[in-house]
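*Asks:* Okay, here's the prediction I keep looking at, along with the sequence it came from:
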Amino acid sequence: MDQVAEPQFPTIGSIPLGTDSANPFEEMMSRFDLAAQKLGLDPGLYKVLREPVRETKVSIPIAMDDGRIEVFIGYRVLHNIARGPGKGGIRYDKNVTLDEVRALAAWMTWKCAVVNIPFGGAKGGVICDPASLSRSEIERITRRYTAELMDQFGPEKDVPAPDMGTNPQTMAWVMDTYSMHARHTVTSVVTGKPLSLGGSRGRVEATGRGLMLICREAAPLKGLTLKDCRIAVQGFGNVGSIAARMCHEAGAKIIAVSDIQGGIHNPAGLDIPAVLAHYEKNRSLRGFSGASALSNAELLETECDILIPAANENQITGKNASKIKAKIIVEGANGPTTQRADQALNEKGVLVVPDILANAGGVTVSYFEWVQDRAGFFWRESEVNERLEDIMVQSFRDVAEMAAKYKVSFRIAAYMLGISRVAHDTMVRGLYA
Ligand code: NAD
């Protein structure tokens, strides 16, 4: 950094080292603070980077299928736009909070900078339980949420994508609602769309593919190759199921997978195509033959080489970190590991490849989708996958180099890399003038 100072860092929102917090924003800020201190970040820049640009709360009144009127609450947080438009998913979940959305938006800022793509960070969420809503209720929520945020979304302003509880269909509704108001079709306002509506080849698989590539790059640091690895995956949605499939196809042994109802385990390796077919048919892992049942807690502590938490936040905490047997953790979910767990894992010598690097394949191909929509020219899947691999491998090396140079964990190194890029561009732009 050009401006090195002895910063007096405020601690609002931060938690003391060695503490578990259920609040993802505090978890994010504690890592941010540490990385900023290691970088010797100018205190003024520190203040700029820690504050979201804008936070919006919307109320979403909906006529339910039974005629009742219900009001849902939604959020959109635009964290930083120093390097480009905001980018970040929309989450539908009953546990959505403003602090969670705020943390997820900041993670997007650092993530986009770690993989060096020209986006800032944003995130949105609606407090709802998608499993208890009909398709048409979800469509109405999506359309009203989008209409309320019409002025904030836009290809040059803030570009949503899917996250937990949302999918390509949801993105098609966002795109259509935005286009109705804009009076013309604007495919580049959202990514993760269906292929026929300006989606990118390879987008659905991108986060899982990126995780597989990171597993491949990380394995040699523990004297392994991906083919030798026994992998356990928590969460069997878009990220977890595809990461399991990609790693299986790359020759690794997937020994356990789970969803919210629990998991299945076979130390000799699960037949992943058969598990996927079973899940597709039953929407549950239960009853899969050729495996024994295990709980989510047991899955995290199971004997394996690589653990991929791909469900939600705060799964690996001060309570269970010491029981984890994996040599490497590759974070598919955002924020699955608390900073107290980080400390315990570091002491045990577990290599933790953090979310803002490991699961960045999704946003990277979202960037490709945005580029293709704006150019009106679409790439072959092999081109998408090749470019994704280039970026994931380069980013892994950049983070590894930072970790070695500053003698810090991969997590703090990734934060340092992301923060230093955003800080640099903030200074060059003079964004504080
Ligand atoms: P999803 O809704 O498709 O799947 C979530 C999965 O996690 C489901 O199988 C669900 O049953 C399971 N799950 C939920 N709560 C659980 C719990 N308490 N214990 C165990 N399993 C649980 O969501 P997704 O898109 O796969 O996202 C998963 C995580 O990955 C989220 O943290 C998300 O922010 C992150 N992420 C997603 C993408 C993407 O491209 N979809 C990209 C980057 C990061």
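*Replies:* Looks like it came in fine.
*Asks:* Was I right to think Glu301 contacts Lys319?
*Replies:* No. Between Glu301 and Lys319 there is no contact under C-beta atoms under 8 Å: 10.8 Å. Just so you know, the C-beta spots here come from the backbone N, C-alpha and C atoms, and that holds for glycine as well.
*Asks:* The two: which has the busier surroundings?
*Replies:* Neighbour totals were compared for Glu301 and Lys319, and Glu301 leads with 19 against 13 (other C-beta atoms under 10 Å).
*Asks:* give me phi/psi at the more buried one?
*Replies:* phi -100, psi 10 (degrees, to the nearest 10).
*Asks:* what does Ser284 give?
*Replies:* phi -160, psi 150.
*Asks:* ditto for the one 3 residues further on
*Replies:* The main-chain torsion angles of Gly287 are listed as degrees, to the nearest 10 and equal phi 80, psi 10.
*Asks:* quick one: contacts for the nearest residue to it once chain neighbours are set aside?
*Replies:* Distances taken as C-beta to C-beta, 6 or more residues apart in numbering place His278 nearest to Gly287, at 7.5 Å, with adjacent residues excluded. Neighbour list for His278: 285, 287-288 [criterion: C-beta atoms under 8 Å, 6 or more residues apart in numbering].
*Asks:* do the same with Arg76
*Replies:* 55-56, 58, 101, 122-124, 149, 152, 158.
*Asks:* For the closest residue to the ligand within the chain, give its distance to Ala358.
*Replies:* Per C-beta to the nearest ligand atom, Gly237 is where the chain lies closest to the ligand, at 1.7 Å. According to C-beta to C-beta, to the nearest Å, Gly237 stands 16 Å off from Ala358.
*Asks:* Looking at these two now, which is surrounded by more residues?
*Replies:* Ala358 (32 against 17).
*Asks:* And that one, how far from Thr225?
*Replies:* Distance from Ala358 to Thr225, by C-beta to C-beta: 18 Å.
*Asks:* Which element, helix or strand, includes the residue nearest to Gly287?
*Replies:* Per DSSP states H and E, His278 falls inside helix 272-282.
*Asks:* Just confirm yes or no for that helix near the ligand.
*Replies:* No. Figure legend: helix 272-282 not in contact with the ligand (C-beta under 6 Å from any ligand atom); closest approach 8.9 Å.
*Asks:* quick one: contacts for Met64?
*Replies:* 70, 137.
*Asks:* quick one, phi psi at it?
*Replies:* phi -80, psi 170.
*Asks:* pLDDT wise, what is it at?
*Replies:* For Met64, the model assigns a pLDDT of 98.
*Asks:* Then the one 3 residues further on?
*Replies:* In the prediction, the pLDDT value recorded for Gly67 is 98.
*Asks:* Could you count how many residues lie near it?
*Replies:* Neighbours around Gly67, by other C-beta under 10 Å: 6.
*Asks:* So it lies in a helix, does it not?
*Replies:* No. Counting by DSSP: H, G, I helix; E, B strand; the rest coil, Gly67 is not part of a helix but coil.
*Asks:* Can you report phi and psi for it?
*Replies:* phi 100, psi -20.
*Asks:* Quick check: most distant residue from the centroid of the chain.
*Replies:* Gly67 (36.1 Å; C-alpha atoms, centre = their mean).
*Asks:* and the gap between that residue and Cys247?
*Replies:* 47 Å.
*Asks:* dump the residue contacts of the residue nearest the centre of the chain.
*Replies:* What sits nearest the mean C-alpha location of the chain, by C-alpha atoms, centre = their mean, is Asn334, with 4.4 Å. Asn334 makes contact with 24, 104, 107, 313, 355, 359 under the criterion C-beta under 8 Å, 6+ apart.
*Asks:* how about a cut-off of 6 Å?
*Replies:* 104, 107, 355 (C-beta atoms under 6 Å, 6 or more residues apart in numbering).
*Asks:* Near the ligand, which residues of this structure are found?
*Replies:* Close to the ligand, as judged by C-beta under 6 Å from any ligand atom, the chain has residues 162-165, 207, 234-240, 258-260, 296, 310-312, 332-334, 359, 362.
*Asks:* So which of those sit within helices?
*Replies:* Residues of the residues of the chain next to the ligand located in helices (DSSP state H): 207, 238-240, 296, 362.
*Asks:* Flag the shaky bits of the stretch 1-150 of the chain, pLDDT-wise.
*Replies:* 1-19, 21 (pLDDT under 70).
*Asks:* ok, and for stretch 381-389, which residues are buried?
*Replies:* 384-385, 387-389 (16 or more other C-beta atoms under 10 Å).
*Asks:* Need those in CSV (columns: pLDDT and secondary structure).
*Replies:* Putting those into CSV (pLDDT from 0 to 100; DSSP: H, G, I helix; E, B strand; the rest coil) gives the following:
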residue, pLDDT, secondary structure
Val384, 98, helix
Asn385, 98, helix
Arg387, 98, helix
Leu388, 98, helix
Glu389, 98, helix
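*Asks:* Mind jotting down where the strands sit in the stretch 51-200 of the chain?
*Replies:* Counting by DSSP state E, counting those that start in this stretch, one finds strands in the stretch 51-200 of the chain at the ranges 54-63, 69-80, 86-93, 121-127, 158-162.
*Asks:* With distance to Leu195 added, can I get those in JSON lines?
*Replies:* Converted to JSON lines, the strands of the stretch 51-200 of the chain look like this (distance: least, C-beta to C-beta, whole Å):
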{"stretch": "strand 54-63", "distance to Leu195": "28"}
{"stretch": "strand 69-80", "distance to Leu195": "26"}
{"stretch": "strand 86-93", "distance to Leu195": "19"}
{"stretch": "strand 121-127", "distance to Leu195": "23"}
{"stretch": "strand 158-162", "distance to Leu195": "14"}
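*Asks:* who are the neighbours in contact with His181?
*Replies:* Applying C-beta under 6 Å, 6+ apart, the residues near His181 are Met150.
*Asks:* Count the neighbours of Gly40 for me.
*Replies:* 12.
*Asks:* Over to Arg380?
*Replies:* Neighbours around Arg380, by other C-beta under 10 Å: 10.
*Asks:* ok, now how distant is it from Ile141?
*Replies:* For Arg380 relative to Ile141 (C-beta to C-beta), the value is 35 Å.
*Asks:* One more: Asp20?
*Replies:* With C-beta to C-beta as the criterion, Asp20 and Ile141 are 33 Å apart.
*Asks:* the more surrounded of these two?
*Replies:* Legend: neighbour count by other C-beta under 10 Å for Asp20 and Ile141, higher for Ile141 (23 against 16).
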